[in-house]
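# A predicted structure for the sequence below; I have some questions about it.
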Amino acid sequence: MKTQITFLSIIVFSFLMTFSTLAQDGWKTPKQKVEFKSDDGKEAKMEVDQGYMFADLELDGRKFHLFFHRDMQKINKARIIDSKTDLLVARGKGSYFWGNARFEFVDGEIFKVKRKYNPNGYDIIGPYGPLFSVKNHAISTITPLNEKDFIAQAFYVFERIKVTQSNPSDLVIIYNDYHPISSND
């Protein structure tokens, strides 16, 4: 009886220590880091979730959250949100197939994009010229002209990482969109 109480107290103590440690540090998901560097020394950092569900972009002290709504990889499901205010910065609209793919920013600017395929990759053409390029199955360097150009380019980098990588074996993603239909409901 005494050994059971001792064993139970050790388990309770270990749970309390674990939860107190988590409460102090907070929950953090492990992420993969991508660094962007310009010729003039500016840096931006993007952290991609290990499940490739979202990416956090830090640029000039601002943080953006990049993801596809409901994890559907279509341009019209693309979302860019300011992490501090949780306000929508830009969203994708249209379709590459119909030729009306675009990012619509909150300030009213419409950023039309076009996907042009080549044998071993593709180019994304923005309103100011090439925005993103994949050549020989690798991302090519393209210099963005302004902040919106860079944010859209970072979204395509996230999309390319999401397409080319697979989830690690220790990560399990459960989709809960299954709604059983039976005669008992």
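Now that the structure is in, tell me what you want to look at.
# any regions of the protein where pLDDT drops low?
1-27, 169-185 (pLDDT under 70).
# try 90 this time
Scanning the chain for pLDDT under 90 picks out 1-32, 37-42, 50-51, 60, 70-71, 137, 141, 143, 145, 165-185.
# now the strands for it?
31-37, 43-49, 54-59, 62-68, 78-82, 87-93, 102-105, 110-112, 114-118, 121-126, 129-135, 138-140 (DSSP state E).
# quick check: which of those is nearest to Val163?
The closest of those to Val163 is strand 129-135. By C-beta to C-beta, the value is 9.7 Å. All C-beta atoms are positioned from the backbone trio N, CA, C, and that covers glycine.
# return the list of strands paired to that closest one, each annotated with direction.
Partners of strand 129-135 in the sheet, by DSSP bridges, are strand 121-126 (antiparallel), strand 138-140 (antiparallel).
# buried deepest among the ones you listed, which one?
Across those, averaging neighbours per residue (mean count of other C-beta atoms under 10 Å) puts strand 121-126 on top, at a mean of 18.
# could you dump it to PDB, C-alpha only?
Listed in PDB are the C-alpha atoms of strand 121-126, where the atom choice follows Å, rounded to 0.1, in the frame of the first residue of the first chain:
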ATOM      1  CA  GLY A 121       9.300  24.500 -63.800                       C
ATOM      2  CA  TYR A 122       7.200  27.600 -64.100                       C
ATOM      3  CA  ASP A 123       7.200  31.300 -63.700                       C
ATOM      4  CA  ILE A 124       4.800  33.500 -61.800                       C
ATOM      5  CA  ILE A 125       4.500  36.900 -63.600                       C
ATOM      6  CA  GLY A 126       3.300  39.800 -61.400                       C
END
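# quick one: it to strand 114-118, angle?
160 degrees (axes from the mean of the first three to the mean of the last three C-alpha atoms, to 10 degrees).
# contacting residues for the nearest residue to Lys63 once chain neighbours are set aside?
Excluding the flanking residues, the one nearest Lys63 by C-beta to C-beta, 6 or more residues apart in numbering is Ser83, at 3.9 Å. Ser83 is in contact with Asp56, Lys63, Phe64, His65, counting by C-beta atoms under 8 Å, 6 or more residues apart in numbering.
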